[in-house]
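Q: sequence first, then the predicted structure, then my questions.
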Amino acid sequence: MKNSALFIPITVLLALMASSATAQDTQNEKLAKALANYQKTGEVENCVSVRDIRSTDVIDDQHILFKLRNGRAMLNELPSRCPRLASENRFSYNVTVGRLCNVDTVTVLFATPGFAGPTCGLGKFEVYEKKPAEPTAEMSSQLQ
């Protein structure tokens, strides 16, 4: 009887670990897909100028991709998970000097007007640049 009593908690633990691994795989796949057209520059910035931001993509509850007007992008990995950021896919921020920095926060916006979700701190901004266009088969045959 003692063995069967231990079997249930261990089974539950294994199931939780498997679902956590699957969630991590999905998160990694989403991140890879979002960055597929970009390559790391090795640069990390504390801030991004708000006027340079063209658009934003919420990747998951811990990553936001800021696409810039110059073709570059900045990936912000929040220090901790921001609940409902990915599911709501909307956030707001306030800035005082025209720059969004790693000391600032974002607030999840719920679809229901007038309701705001959690406020979460930002991390540093990792700089990416567009990958050079790969030659197409037609371009390759013209080069030969």
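A: All right, it came through fine. Residues are numbered from 1 along each chain as shown.
Q: quick one: strands adjacent to the helix or strand encompassing Pro118?
A: Secondary structure here is read from DSSP states H and E; on that basis Pro118 sits in strand 116-121. Pairing partners of strand 116-121, with direction, according to DSSP bridges: strand 105-109 (antiparallel).
Q: then the partner strand to PDB, C-alphas only?
A: As requested, the backbone C-alpha atoms of strand 105-109 are provided in PDB (Å, rounded to 0.1, in the frame of the first residue of the first chain):
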ATOM      1  CA  THR A 105       8.100  48.700 -16.600                       C
ATOM      2  CA  VAL A 106       5.400  47.500 -19.000                       C
ATOM      3  CA  THR A 107       1.800  47.000 -18.000                       C
ATOM      4  CA  VAL A 108      -0.300  44.200 -19.600                       C
ATOM      5  CA  LEU A 109      -3.500  45.600 -21.100                       C
END
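Q: contact partners of it?
A: Identification of contacts with strand 105-109 by C-beta atoms under 8 Å, 6 or more residues apart in numbering yields 64, 82-85, 88, 90-93, 116-122. The way it works is simple: take the backbone N, C-alpha and C, and place the C-beta from them, glycine included.
Q: and those residues, which are buried?
A: Burial of the contacts of strand 105-109 was assessed by neighbour count (16 or more other C-beta atoms under 10 Å); the buried members are 64, 82, 84-85, 88, 90-91, 117-118, 120, 122.
Q: which single one of these is nearest to Glu134?
A: Ile64 (27.1 Å; C-beta to C-beta).
Q: mind checking pLDDT for the closest one?
A: The confidence metric pLDDT takes the value 98 at Ile64.
Q: find the nearest non-adjacent residue to it, please.
A: Nearest non-adjacent residue to Ile64, counting by C-beta to C-beta, 6 or more residues apart in numbering: Asn76, 4.8 Å away.
Q: got the contact list for that neighbour?
A: When contacts are counted by C-beta under 8 Å, 6+ apart, Asn76 is found next to 63-66, 102, 122-126.
Q: now with 10 Å, please.
A: Neighbouring residues of Asn76 by C-beta atoms under 10 Å, 6 or more residues apart in numbering: 45, 48, 56, 59, 62-66, 100, 102, 106, 122-126.
Q: could you do Leu75 as well?
A: When the contact criterion is C-beta under 10 Å, 6+ apart, the partners of Leu75 are 31, 34-35, 38, 40, 44, 57, 59, 63-66, 123-128.
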